[in-house]
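S.K.: Next come a sequence and a model predicted from it.
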Amino acid sequence: MVTAAAVDLSVDLAGARLANPIMTASGCAANGPELHRFIDVAQLGAFVTKSVKANPQSGRGTPRMAETDSGMLNSIGLQGPGINAFIEKDLPWLRSVGARVIVSIAGSTAAEFATVTRSLVAAEAFDCVAAIEVNISCPNVANRGLVFACAPESSRQVISLVRAEAPHSVPLFAKLTPDVTDIVEIADAALDAGAHGLTMINTLLGIGIDTERLRPHLAGVTGGLSGPAIRPVAVRAIWQVHAAMRAGRLPLAPILGVGGVRTGTDALELVAAGASAIQVGTAIFNDPTAPIRVRDQVADLIAGHGFTRFTDVVGIAHERTA
Amino acid sequence: MTGVTERTRTIAAREGAGVIQVQAELVATRPVGAYQHLTFVAPGIADLARPGQFIAVAIGDATSSKLLRRAFSIHQVTPAGTYGDTVEVVVSAAGAGTQWLTAQPAGTSIDLIGPLGKPFPLPTSPVPCVLVGGGYGSAPLFWLAQALRERGCPVEIVLGAATHARLFGAALARTAADGVTITTDDGSAGVKGWVSDVLPEVFERSSAAVVYGCGPMGMLRSISELAAARGIVAQVAVEEAMACGVGVCMTCVMPIADDDGVTSMVRSCLSGPVFRGDRVRWDAWTDGICHVPDDALGSPGWAGSDPLPEGES
């Protein structure tokens, strides 16, 4: 009988060595101090920051959110302080409490991603950065507002420009949207352009109607759907990409699984489908202690299955299909 | 920690955080007019809480399909009551989540976080204060009145609602304040009309220096404008839809001007819910939608920013 305490949770994600595979999901934990009132963010495998752009962003008007069955729609609009304030204030704070950090970067143009990366790698606190997550699932202003990760070429362009600015010691993870016909094709383009791994999935685009006023709930009309409602979509996307890696159609690369994880059981689904780490997002709104709870539940479940290492379970469901 | 019963459990209480997450026990629930008055045993929250702060309540258990917490202004706390540390709130069963909450019997275990947000700032000298509540928005005002009177401030309370049944705390107001004025839209109690109809006279006769408000945004705007015109400081507890209540979701923002006049989209759960009335950009709201003012920091119209296309976050 393996005890939870004996399970080795450590992971090596394309060179980013983390004590455990549990992270916050970008945009669901602000930049640290707020969540640190409930859990010690240094206990996370990594803290993933809210996507930062070059300049301060007000985000959208309100209402910005609408509850849905087992989920929610949000239309925040990447509100944030801009990269300069981020590296002066947010990143040093995360470093001061001993957090390992994955910085999520965004841009309205491919060039903006490069600008943000350049400022980030020059930051005094950059040594706490374990990896960079490139949020190519946000809209591309230069290209009629289309999402970068909806096309292989725009995905490739962003990753190549970021790759040129980032030191090789810091892995890049491309965050993909499931709102595409073939996510394997996008994953291929991102990995080929120099991403070391993938984060899957971002929210799905949705609309809710306020039936009192008979108009869209959100001031921004469309919003990103998140929460347990989308978990099967995350498992599917991870499954398809990991299967392509196993089949040799894609280079083998770590997948940071995200989408609807609320419990250790939910996390184990994503891991067995091929995720090498787990991000907890919308569940934090329900329970700010969710990431640490999920970490402990995952250890219990892995021990219960008789495994001694978290990595033993990654993608295991692919070996058990009929 | 006092008052820990077998039915309650602390989920998170980090040193210096000033806020705790607790599995609380609903120990009393009773209808009051159109509302439901809930009392929770929630060890640790009472000692930390101040008037104007709120709690964020999870709907259902850990498998509930409703993930988002509901925020309620704290009506009263009792650090060492009969049941232990209690926190009381007043709930209007307006949607499916609040309908679930108000239907729960005493004895139900409920996950809540608090105290959250900034409390009402109290004046340093014993100046006259007017407290204005719209509907169940009056819930935190009686506790506030008590704190003000302990400082020697004369207190007037003004309560307004659509109907008599939608007033909350008329009897409480009579014991908590030196003067009480009531208005209803239909005239079923007090003066027929809105609080803004009676406020000029109340301000005048009380020589008010500070007005505190809690209620619908339109009412808070009227209070703020009437106060500003008379050189009275307005402190208003705002209402904006929140997903988390703890500062991580960025949904409860509103445009607030700082000391230098720079407007930013500010989280009402962290920097509020109490704001100075003259700092809230009331001009941003139209028909239930709050637009980002063009001069707000990082807005699409702001120098150095770029346009926001339609899309997700």
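M.R.: That came in fine, so what should we check first?
S.K.: does the residue lying closest to B:Thr108 once chain neighbours are set aside sit in a helix, a strand or a coil?
M.R.: By the measure of C-beta to C-beta, 6 or more residues apart in numbering or on different chains, the closest residue to B:Thr108 outside its immediate chain neighbours is B:Leu26, 4.6 Å from it. Yep, even glycine has a C-beta here, placed from its N, CA and C like the rest. State at B:Leu26, reduced to three classes by DSSP: H, G, I helix; E, B strand; the rest coil: strand.
S.K.: Would you mind naming what in the stretch 101-250 of chain A lies close to chain B?
M.R.: Taking C-beta under 8 Å from any C-beta of the partner chain as the test, the list of the stretch 101-250 of chain A residues beside chain B reads A:108-109, A:112, A:137-141, A:144-145, A:147, A:177, A:202-203, A:205, A:213, A:219-224, A:227-228.
S.K.: what number of residues lie near residue 227?
M.R.: Unless you meant another one, I'm taking chain A. 27 (other C-beta atoms under 10 Å in any protein chain shown).
S.K.: Let me rephrase: I mean chain B.
M.R.: Residues within reach of B:Ala227, counting by other C-beta under 10 Å, total 26.
S.K.: what helix or strand is it on?
M.R.: When elements are assigned from DSSP states H and E, B:Ala227 belongs to helix B:217-228.
S.K.: by contact count, what packs against the helix or strand just after that helix?
M.R.: Toward the C-terminus, helix B:217-228 is succeeded by strand B:233-237 as the next helix or strand (DSSP H and E). Based on contacts counted as 3 or more C-beta pairs under 8 Å, 6 or more residues apart in numbering or on different chains; DSSP states H and E, the elements that strand B:233-237 packs against are strand B:210-214, helix B:217-228, strand B:274-276.
S.K.: Compute the mean per-residue pLDDT across strand B:233-237, please.
M.R.: Mean pLDDT, taken over the full extent of strand B:233-237, equals 98.
S.K.: Equivalent analysis for stretch B:104-122, please.
M.R.: Averaging pLDDT along stretch B:104-122 gives 97.
S.K.: Please spell out which residues along that stretch are buried.
M.R.: Buried residues in stretch B:104-122, counted by 16 or more other C-beta atoms under 10 Å in any protein chain shown: B:104, B:108, B:110-120, B:122.
S.K.: tell me the phi and psi of A:Leu18?
M.R.: phi -120, psi 150 (degrees, to the nearest 10).
S.K.: I'd like the distance from it to chain B, if you could.
M.R.: 21 Å (C-beta to the nearest C-beta, to the nearest Å).
S.K.: likewise A:Ala4?
M.R.: Computed with C-beta to the nearest C-beta, the distance linking A:Ala4 and chain B is 19 Å.
S.K.: residue boundaries of the strands in the stretch 201-322 of chain A?
M.R.: Here the stretch 201-322 of chain A has its strands, by DSSP state E, counting those that start in this stretch, at A:204-206, A:209-210, A:215-216, A:223-226, A:255-258, A:277-280.
S.K.: and the second one, what does it pack onto?
M.R.: Read it as strand A:209-210. For strand A:209-210, the packing partners by 3+ C-beta pairs under 8 Å, 6+ apart come out as strand A:215-216.
S.K.: can you rerun that using 6 Å?
M.R.: Identification of packing neighbours for strand A:209-210 by 3 or more C-beta pairs under 6 Å, 6 or more residues apart in numbering or on different chains; DSSP states H and E yields no helix or strand.
S.K.: so of the helices and strands packed on strand B:233-237, which one's packed in deepest?
M.R.: Comparing the helices and strands packed on strand B:233-237 by mean neighbour count (mean count of other C-beta atoms under 10 Å in any protein chain shown), strand B:210-214 comes out on top with a mean of 27.
S.K.: Direction-wise, compare it with strand B:233-237 and give the angle.
M.R.: Note on geometry: by axes from the mean of the first three to the mean of the last three C-alpha atoms, to 10 degrees, strand B:210-214 and strand B:233-237 are set 20 degrees apart in direction.
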